[in-house]
Each structure stands twice: as structure tokens, then as C-alpha cells.
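# Prediction below, plus the sequence it came from.
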Amino acid sequence: MNYNFLSTTRSANTKNKTTTSQNQPIPGREAEMVQGRSGGFMFDAGIWKMLRRCLLVGTAKSTYYAGKQELTEDFVTVVRLAVAENPSRVAEEILYASDGRAINNSAPILALVLLSMGEAPEAKQAFGEIFPQIVRTGSHFYEWLNYTKSLRGFGKVVREAGKTWLSREDVKGLAYQLLKYQQRQGFSHRDALRLFHVKPPTENHRQLFEWVVRGWEELPADIPSEALAQIWWYEWLKRNPTQTHEAISQGRLTHEMAAPVGKMDKLAWQLLFQEMPIGAMLRNLGSLTELGVLRADESANLLRVEAVLNRREHLRKGRIHPIDVLKALKTYQSGGTLGRSKKTWNPVPRIVDILEKAVELSFDVVQPTGKVFMHAVDVSGSMGSLVADMGLSCCEIATTMALVTAKAQKNYMIRGFATEFRELGITAKDSFSSAVSKASNQNFGGTDASVAYDWMIKNKFKADVVCFWTDSESWAGNKHPSQALKEYRKKVNPNVKAVYVSLIPYQISLVDPEDSLSWDLGGFDPGTPRIIQMLATDEL
């Protein structure tokens with residue numbers, strides 16, 4: 001998709017030399033600007049800003065202006081250029097994104113494969129060093145194998161990484177991953193062991209690999225070792241499917257291990273729930289409600305949900321991204337009409353409240369700064385497109401990030417911009433659900449970020465920080481946002497700071513690179529609200 005919209009209003013440049021229609025580059029700045037897919041001219045974001053956006057946002061879905069293949073090609077091109085320029089810096093960016101900041105780990109894994117393809121020895125060295133920090137689970141391992149097969153093949157550097165991952169010292173942890181994720185994306189662990197010719201470094205490894213390749217025709221009378229205990233109980237349950245409760249209790253099996261081979265009932269799920277990791281709990285709230293494990297009168301279970309999901313340290317340790325929580329909130333409230341689940345349930349109000357609180361806690365924020373904030377949320381038509389596989393639109397995510405930032409402040413305003421600056425009726429007292437609903441109903445019209453400054457000039461609204469939450473495709477105005485910002489500084493507040501949070505991986509920016517008081521941030525980073533606070537108070 002490549003829509004070339006042209007502004008219906010052109011500036012009278014012969015009368016006013018300080019403004020330029022957004023469908024033209026600013027005179028004298030042509031070399032710094034690029035034409036976006038919408039037809040508007042914006043500043044070139046540069047390779048490193050683009051890299052961070054790609055890693056944080058990913059390319060799993062089409063956007064309003066670009067299809068999936070086009071976005072993926074952009075991603076690959078940007079990573080390869082960055083690897084050629086500075087592979088060590090690319091490795092740092094991959095680590096940054098993979099540590100719970102990207103909406104999922106797919107983009108960092110893809111970038112990891114591209115890093116391994118770098119020609120410089122430093123690229124392959126950096127790949128080997130960060131590999132175990134990016135490929136943490138069996139699911140990650142399969143995804144890495146799939147990308148590797150598609151893009152480069154299994155050369156020496158890849159084989160070394162695969163061997164190291166499959167022969168790690170922590171045999172118990174390895175056994176957990178091999179049992180939990182037995183096959184994905186056309187690969188099984190048997191395939192991987194044969195592909196990498198892994199030699200078992202210990203007896204426990206040998207027994208584990210033997211199970212992977214051949215299985216157990218006969219169940220050993222005793223558990224071979226602590227490292228293989230879960231596998232023993234899994235095999236025992238296969239032979240005794242009606243004894244699911246005992247296998248879960250004694251073998252500490254997860255639902256991925258027990259459900260395919262055991263007889264699952266309410267008590268089985270209750271036992272799983274008591275030990276369920278935070279990510280699994282978030283994904284299974286609907287199923288647990290449908291089964292009756294979570295009910296308004298099951299206070300002990302609701303207390304556990306609250307204890308797990310409403311503790312910031314648990315969310316961070318589990319690498320739970322705020323967008324995952326927002327997705328869970330939206331899906332749970334739907335009662336099963338949204339998402340992939342075929343089950344239906346009646347949402348428990350307290351769980352909705354817990355999820356609302358979890359969204360806020362999953363972002364990094366501190367005490368109020370005392371500054372005045374204007375949050376300008378892009379509510380134009382293009383923001384209605386869905387992001388990755390989240391089932392959430394750009395506008396919904398933008399509204400959530402703006403609201404969580406506003407909730408940490410006392411002096412703020414949240415408005416929406418398209419070709420006008422609209423009142424959204426959103427305040428810090430709104431729930432995330434109600435705020436998202438208010439903003440989502442506004443998704444129509446073209447995009448003109450300059451209208452926010454026009455409104456603030458007209459109303460003499462003196463903001464310390466103006467935050468734009470946008471896809472950066474501003475095209476419909478008769479002056480560029482950077483020109484409108486200069487006018488605002490001249491007429492209202494010469495020291496105002498502008499922060500543009502870009503939520504789509506396009507290589508465009510609304511930030512004038514010569515403006516020391518404007519910043520361009522990549523979207524979906526849980527730390528973005530905290531960074532904005534630090535910029536507001538000159539901590540950065």
C-alpha cells in the first residue's frame with residue numbers, strides 16, 4: 001500500500017515565507033527531509049532511530065500506509081546498514097529491545113540473525129556474545145532456527161551457537177524448555193540435535209537427549225535425576241492420564257506439559273493456577289474464569305491474581321510488556337468475543353480492576369514533576385490500523401501511553417489531533433478502557449500535527465512539554481509542525497520542549513534535528529513515560 005495524499009490547502013508562500021505546505025520540503029532543508037508514504041515531507045529519522053523503532057515495534061502486521069512485506073524489507077535493510085556501520089551498537093540495541101521493551105521478542109531475534117550475517121568479525125563475535133540473552137526459551141530457539149533457515153543457512157557461527165544452547169550447564173532448565181516447547185515452526189528438538197551434532201557433556205545431558213530422540217518405551221522405575229524429574233512425571237502422566245492431579249502436584253508440570261496428555265478438569269486447572277507463572281496467568285485469565293477457578297466468590301484465587309499482576313517487580317522480572325497487559329484487559333473484558341480463544345466467560349469485575357492497575361504498573365513512572373503537559377494523541381484515520389499481533393490499534397496504544405504519563409502528573413491536558421485539535425474528554429480519572437474507547441471513536445480524517453500548536457497559540461495554553469503520540473505521517477497542513485513549534489515559542493513559551501513518540505517503524509521524524517529542545521522516541525517502550533519525565537526536569 002502506498003497512498004499519496006496531497007494537502008487540499010497550500011500555504012501562500014509568496015506572502016508568508018515562514019511556513020511551507022507539508023506536501024513540500026522546507027526550503028533550504030531539502031537534503032534533510034524525505035517524503036513519507038502519505039505524501040507529506042518530514043525529516044529523515046536516520047538509521048539508528050529507525051533501528052530502535054523496528055526493534056521495539058516489529059513488522060508483523062501491515063500498517064495503514066505500508067504492507068507487511070514492505071515493512072519487513074525496510075527492517076532488513078535498516079539492520080544490515082546498521083550492522084555494516086557498527087555491529088557492537090546493533091548488539092546493544094537488540095539487547096535493549098529484548099529486555100522486555102519490544103512488544104515481543106520476534107524483532108530482536110530476526111535482528112540477531114541479521115547480525116550473524118555481518119561481514120566483519122566483530123558482528124559474528126557480538127552475535128555469539130548476546131545470543132543466550134536473546135534466545136532464552138525453547139520458543140525463541142525455534143523462531144531463531146526458522147529465521148536462520150530462511151535467511152542464511154547453518155554455517156559455523158550458527159552451529160556453535162546452537163550447540164552451546166543445547167548443551168548448557170543448567171540441565172534442569174534445559175529439560176524444562178525441551179519439554180515445554182517440543183516443536184514449533186517446522187522444527188523439533190530432535191531436528192536441532194541432529195542438525196548441530198550435539199555431544200552430551202554429562203550423563204544427565206545424555207539421558208535428556210536420548211529422551212528427545214527416542215522417547216521412553218518403558219518408564220524407569222525411579223526418577224533418573226532431579227534434572228529429569230519433570231520429564232519422568234510427564235511420561236508417567238502419558239501412561240496414567242486419569243492421575244493428572246498427582247502429576248501436576250508432584251511433577252510441577254505446567255499446563256503446556258499436562259494438558260496434551262492428561263485429563264484436565266477444574267481441580268487440575270486449580271493446581272496449575274497455584275504455580276502458574278505470570279505470563280501464563282495473564283494469557284489464561286479467560287479460561288480460568290470459564291472453568292470457575294476465578295470467580296467473584298473465590299477470594300483466595302483473586303488475591304493471588306492481584307499479588308502476581310499488581311506488583312511492579314513481578315511484571316518487570318517476567319518481562320511483561322504493558323501492551324501485553326492492555327491486550328489481556330481488552331480480551332478479558334470481551335468475555336471471549338475477542339482473541340483466539342473459543343471459550344466464553346463472564347468477566348469478574350475485580351479482575352478487570354486488577355488488569356487496569358497492572359497496565360499502569362507495567363510502565364516506568366515516578367512522582368509528579370510539577371510541569372505542565374499537553375498530550376496530543378494522533379486520532380487520524382491511519383491510527384486505526386492494528387499493531388503487530390496485539391489486536392490493538394495504534395490509537396489505543398497511543399492513548400494508553402499518554403494516559404499513564406498523565407496519571408503521574410497534576411497539570412496536563414489530553415487532546416486528539418487529525419486535521420483539527422479535538423477535545424477527547426479524557427482525564428486521569430478515566431480507566432484505560434474508557435480512555436481507549438473515547439479515542440478510538442475519533443479515528444477519521446487526515447493528519448496535521450501542527451494544529452496542536454495552533455490551538456495552544458489561540459488559547460494561550462502555556463505548556464512546559466508537548467507530547468505527540470503518532471505514526472509521524474503528518475501531511476495535511478499548510479505548515480510543518482516544526483514551523484508551528486517555532487511560532488508557538490515566539491508567541492507563548494520560548495522554552496517549551498517537544499517530544500514525538502513514533503509508534504510505527506517509518507523512517508520519518510517530525511523533529512527538526514537543529515532543535516535542541518525536541519526529541520524523537522521509539523514507541524511501545526515501557527520506559528517512555530519515565531524518559532519524558534526526565535526530559536521535562538532536565539535529568540537527561
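Cool, got the structure.
# which secondary structure elements does the helix or strand hosting E396 contact?
For E396, the enclosing helix or strand under DSSP states H and E is helix 394-407. Under the contact definition 3 or more CB pairs under 8 Å, 6 or more residues apart in numbering; DSSP states H and E, helix 394-407 sits against helix 322-334, helix 349-361, strand 372-378, strand 386-387, strand 411-417, helix 432-440, strand 465-470, helix 528-536. To be clear about C-beta, it is placed using only N, CA and C from the backbone, and glycine gets the same treatment.
# Pick the most deeply packed of those.
Counting by mean count of other CB atoms under 10 Å, strand 465-470 has the highest mean neighbour count of the helices and strands packed on helix 394-407, with a mean of 28.
# Contacts for it, please.
Where contact means CB atoms under 8 Å, 6 or more residues apart in numbering, the residues beyond strand 465-470 that reach it are 371-378, 383, 398-399, 401-402, 405, 417, 447, 449, 452-453, 456, 481, 485, 496-503, 510, 523, 532, 535-536.
# just to revisit the earlier point, dump the helices and strands packed on helix 394-407 into a markdown table; add mean pLDDT as well.
Compiled in a markdown table, the helices and strands packed on helix 394-407 are given as follows (pLDDT from 0 to 100):
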| stretch | mean pLDDT |
| --- | --- |
| helix 322-334 | 92 |
| helix 349-361 | 96 |
| strand 372-378 | 95 |
| strand 386-387 | 74 |
| strand 411-417 | 94 |
| helix 432-440 | 88 |
| strand 465-470 | 94 |
| helix 528-536 | 92 |
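# Could you take the ones you listed and lay them out as JSON lines, with extra columns for distance to V90?
Below are these laid out as JSON lines (distance: least, CB to CB, whole Å):
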{"stretch": "helix 322-334", "distance to V90": "24"}
{"stretch": "helix 349-361", "distance to V90": "31"}
{"stretch": "strand 372-378", "distance to V90": "29"}
{"stretch": "strand 386-387", "distance to V90": "23"}
{"stretch": "strand 411-417", "distance to V90": "34"}
{"stretch": "helix 432-440", "distance to V90": "34"}
{"stretch": "strand 465-470", "distance to V90": "26"}
{"stretch": "helix 528-536", "distance to V90": "21"}
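# What strands flank the helix or strand of the chain with the lowest mean pLDDT, and is each parallel or antiparallel?
Using mean pLDDT, DSSP states H and E, strand 386-387 stands out as the lowest-scoring helix or strand of the chain, at a mean of 74. The sheet places strand 386-387 alongside strand 392-393 (antiparallel), with pairing taken from DSSP bridges.
# returning to what we had before: out of the helices and strands packed on helix 394-407, which comes closest to K163?
Distances from K163 to each of these were compared using CB to CB; the shortest belongs to helix 322-334, at 32.1 Å.
# now for that closest one, which elements pack on it?
The contact analysis (3+ CB pairs under 8 Å, 6+ apart) places helix 322-334 against helix 278-283, helix 285-291, helix 349-361, strand 392-393, helix 394-407, helix 432-440.
# what distance separates that helix from the middle of the whole chain?
Using CA atoms, centre = their mean, to the nearest Å, the distance from the centre of helix 322-334 to the centre of the chain it belongs to is 13 Å.
# Quick one: list the elements packing against the longest helix seen in the chain.
In the chain, with assignment by DSSP state H, the single longest helix is helix 68-85. Other helices and strands packing on helix 68-85, by 3+ CB pairs under 8 Å, 6+ apart, are helix 47-57, helix 87-98, helix 106-116.
# would you turn these into JSON lines with distance to K317 and mean pLDDT?
Conversion of these to JSON lines gives the following (distance: least, CB to CB, whole Å; pLDDT from 0 to 100):
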{"stretch": "helix 47-57", "distance to K317": "20", "mean pLDDT": "91"}
{"stretch": "helix 87-98", "distance to K317": "15", "mean pLDDT": "97"}
{"stretch": "helix 106-116", "distance to K317": "18", "mean pLDDT": "96"}
